[in-house]
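Undergrad: Sharing a model prediction with you, sequence too.
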Amino acid sequence: MLDPQLIFVIFLIFLALIFDFTNGIHDAANSIATIVSTRVLTPKQAVIWAAFFNFVAFLIFGTAVAKTVGKGLIDISTVTPTVIFAGLIGAIGWNLTTWYLGLPTSSSHALIGGYAGAAIAKAGASVIIASGWYKTLGFIILAPTIGLILGMIFITISTWLVYKQTPAFVNKWSRRFQFLSAALYSLGHGGNDAQKTMGIITGLLFSAGLINKFTVPLWVVLSAHAFIALGTLIGGWRIVKTMGQKITKLRPIDGFCAESASAVSIFLATYLGIPVSTTHVITGAISGVGASKGLSTVRWGVTLRIVWAWIFTIPAAALIAGFAFHIISFIF
């Protein structure tokens, strides 16, 4: 007969993968919004393209982000399966709420907010590792800013390179290059976001005494990438509309520049081991591309609504998780 604690751990692993799946659903919009809104691919074709590169990202990126999430934000000695459980409830609850409202918030920040909220509910604020949070919180500002600046730079250079060409020529080649930029963005998305779930599962295995040191097992890597890819296949069409249509009108060359700018930013963050928000980066890049044509071309009211959702994500997920921890502790 299986040990009840082992059954609980297996259940939590599955729940973490469900979060990963909702991450794919929620963030599918980031991967495909531009390529769909520019009509380079149909929504069905786009999600298949993005899901494939979400999955194969494990061949390129390591596990630096997973280590930051798993043991670099919270004192792992205080983490228990119950903390993980409550943290996942907080993250999934906020993800589903914002998905329903059509808001492209950060699944990454929902996860770390839930994780922190549950840990604080158990052991107080002393469990927070400040050095890990400085980088993560800093990139809430830096990520969209970098995306915005690179988006403006890329569209300016691209426009200068093709200014003597006909619109038909520009659209033809922009559409072709957008296959590459969308693939690169999806690689970055899979490489950074799937690692967050890897960090949570590895922390769970460590806290339950199933592994002796914090090393991400291969089966965890493959499972996380598989579930985020599956979620991307399902797609988040409410958020696709916000990202691809409501911020600014995109042409194929705009989509190429926004995706390329985002990919560069995410690759850098993943290399540095920072759990960056891919949502923040692509939103900033799209806004930057639009702003290069004039500030009035960007619907800043929509962008501001998205920014408010960003600000509330970590505390909201933390509150849900903290509440869930107290309920779980009371029941069990």
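TA: Good, I have the coordinates.
Undergrad: how far does whichever strand or helix holds Gly24 sit from the chain's center?
TA: Counting by DSSP states H and E, the element that carries Gly24 is helix 4-37. In terms of C-alpha atoms, centre = their mean, to the nearest Å, the gap separating the centre of helix 4-37 from the centre of its chain is 10 Å.
Undergrad: which residue ranges form the helices in this protein?
TA: For the chain, applying DSSP state H gives helices covering 4-37, 43-56, 64-71, 81-101, 107-123, 130-161, 167-207, 218-234, 237-241, 252-272, 278-291, 300-331.
Undergrad: Might you calculate how far the third one sits from the centre of the chain?
TA: The offset between the C-alpha centroid of helix 64-71 and the centroid of the whole chain comes to 14 Å, using C-alpha atoms, centre = their mean.
Undergrad: by contact count, what packs against that helix?
TA: helix 107-123, helix 130-161, helix 167-207, helix 252-272 (3 or more C-beta pairs under 8 Å, 6 or more residues apart in numbering; DSSP states H and E). Placement of C-beta: from N, CA and C, glycine included.
Undergrad: what sits against His109?
TA: Counting by C-beta atoms under 8 Å, 6 or more residues apart in numbering, His109 touches Ile140, Ser277, Trp310, Thr313, Ile314, Ala317.
Undergrad: swap in Gly288?
TA: Gly147, Leu148, Ile149, Leu150, Gly151, Met152, Ile155, Ala258, Ala261.
Undergrad: before we move on, the earlier item: averaging pLDDT over each of the helices of the chain, which comes out lowest?
TA: Lowest mean pLDDT within the helices of the chain: helix 237-241, at a mean of 52.
Undergrad: Isn't His280 up against Ser106?
TA: Yes: here His280 reaches Ser106: they are 6.2 Å apart, a contact under C-beta atoms under 8 Å.
Undergrad: These two: which has the busier surroundings?
TA: More crowded of His280 and Ser106, by other C-beta atoms under 10 Å: Ser106, with 32 against 29.
Undergrad: and the more buried one, what are its phi and psi?
TA: phi -90, psi 120 (degrees, to the nearest 10).
Undergrad: and the gap between the residue lying closest to it once chain neighbours are set aside and Gly322?
TA: Among residues not flanking Ser106 along the chain, Ser277 sits closest, at 3.7 Å (C-beta to C-beta, 6 or more residues apart in numbering). Distance, Ser277 to Gly322, by C-beta to C-beta, to the nearest Å: 22 Å.
Undergrad: again with Gln45
TA: Distance from Gln45 to Gly322, by C-beta to C-beta: 42 Å.
Undergrad: Comparing the two, which residue is more hemmed in?
TA: In this view Gln45 and Gly322 are compared by other C-beta under 10 Å, and Gly322 has more residues nearby, 21 against 13.
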